[in-house]
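Peer 1: sequence and computational prediction follow.
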Amino acid sequence: MNSPLHPDFESVVLTEEDISQHIQKLADQLNQDYQNKCPVILAVLKGVYPFLSDLTKHLHFYCDVEFIAASSYHGGTATTDWVEIYLWPRMSLKGKDVIIVEDIIDSGLTLKKIKQKVLSEGASSVKLVTLLDKPSGRKTRLEADYVGTTVKPLFLVGYGLDFQEKYRNVPYIGVLKKEIITMNAKDYPWRNEN
Ligand code: IMP
Ligand code: MG
């Protein structure tokens, strides 16, 4: 199904069809590697929600799903070195196989901090799954174990990815028009309705 292009978008980078093919490939790999295991899926909010939902529907092994919230972006388009983890599962991760699921890895700082915390809680294995990987943005050594696709150094929105907390609900991934990114906050299209 092809949705009409959102008026604030300059272009589409990944269509709904592209996304679903990447997800099927990731699910096939996970189904092979985790058969007969019962991992804990740790999903990194908020951007991961459409990906998590679509990915987990294709997983055939038993699993727990837990949520983490971390922030390094503060709603803008440039990452900062400061990472805050403000939601963490109550269940113990000791002795568990953990699969961390992310929407996109840019600097790698968020996942590095999360991975260290998971290991410090005594998980027996930790693997990283990301729909998108932006290796050009790395500020630390971090590699995902399962990557949907690599993307160029562009600021992407849609399918969970936001600009100013907007556009997460758009079903494809693309680039915003320059005038939206550079606009004075008081002129944002969601501010001047009515
Ligand atoms: P990192 O710590 O720099 O790897 O940042 C990871 C987080 O930053 C992701 O989970 C996203 O929430 C956000 N992020 C990174 N790149 C983009 C982008 O192109 N668009 C929107 N959010 C992004
Ligand atoms: Mg994220």
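Peer 2: Yep, it's here. Just so it is clear, the model here is predicted, and its values are computed rather than measured. Numbers count the residues shown, from 1 in each chain. Ligands and ions are numbered 1, 2, ... in the order given.
Peer 1: run a quick neighbour tally on Arg191.
Peer 2: Arg191 has 12 neighbouring residues, counting by other CB atoms under 10 Å. Backbone N, C-alpha and C define where each C-beta goes, glycine included.
Peer 1: what secondary structure does it sit in?
Peer 2: Counting by DSSP: H, G, I helix; E, B strand; the rest coil, the backbone at Arg191 sits in coil.
Peer 1: please tell me how far it sits from Lys96.
Peer 2: Separation of Arg191 from Lys96 (CB to CB, to the nearest Å) stands at 44 Å.
Peer 1: what of Val175?
Peer 2: Distance, Val175 to Lys96, using CB to CB: 38 Å.
Peer 1: low-confidence stretches in the chain?
Peer 2: Along the chain, segments meeting pLDDT under 70 span 1, 73-81, 192-194.
Peer 1: taking it, what residue is nearest to ligand 2?
Peer 2: Ligand 2 sits closest to Gly47 of the chain, with a gap of 3.5 Å, by CB to the ion.
Peer 1: what's the burial count for Ile68?
Peer 2: 21.
Peer 1: work out for me the element it sits within.
Peer 2: Assigned by DSSP states H and E, Ile68 belongs to strand 64-71.
Peer 1: which elements pack onto that strand?
Peer 2: strand 40-45, strand 84-87, helix 109-120 (3 or more CB pairs under 8 Å, 6 or more residues apart in numbering; DSSP states H and E).
Peer 1: flag every residue of this structure that's near ligand 2.
Peer 2: Proximity of the chain to ligand 2, by CB under 5 Å from the ion, involves residues Val44, Gly47, Asp103.
Peer 1: out of those, which are close to ligand 1?
Peer 2: Within the set of the residues of the chain next to ligand 2, contact with ligand 1 (CB under 6 Å from any ligand atom) is found for Val44, Gly47, Asp103.
Peer 1: make CSV from these and add neighbour count to it.
Peer 2: Supplementary listing: these in CSV, determined by neighbours: other CB atoms under 10 Å:
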residue, neighbour count
Val44, 24
Gly47, 21
Asp103, 25
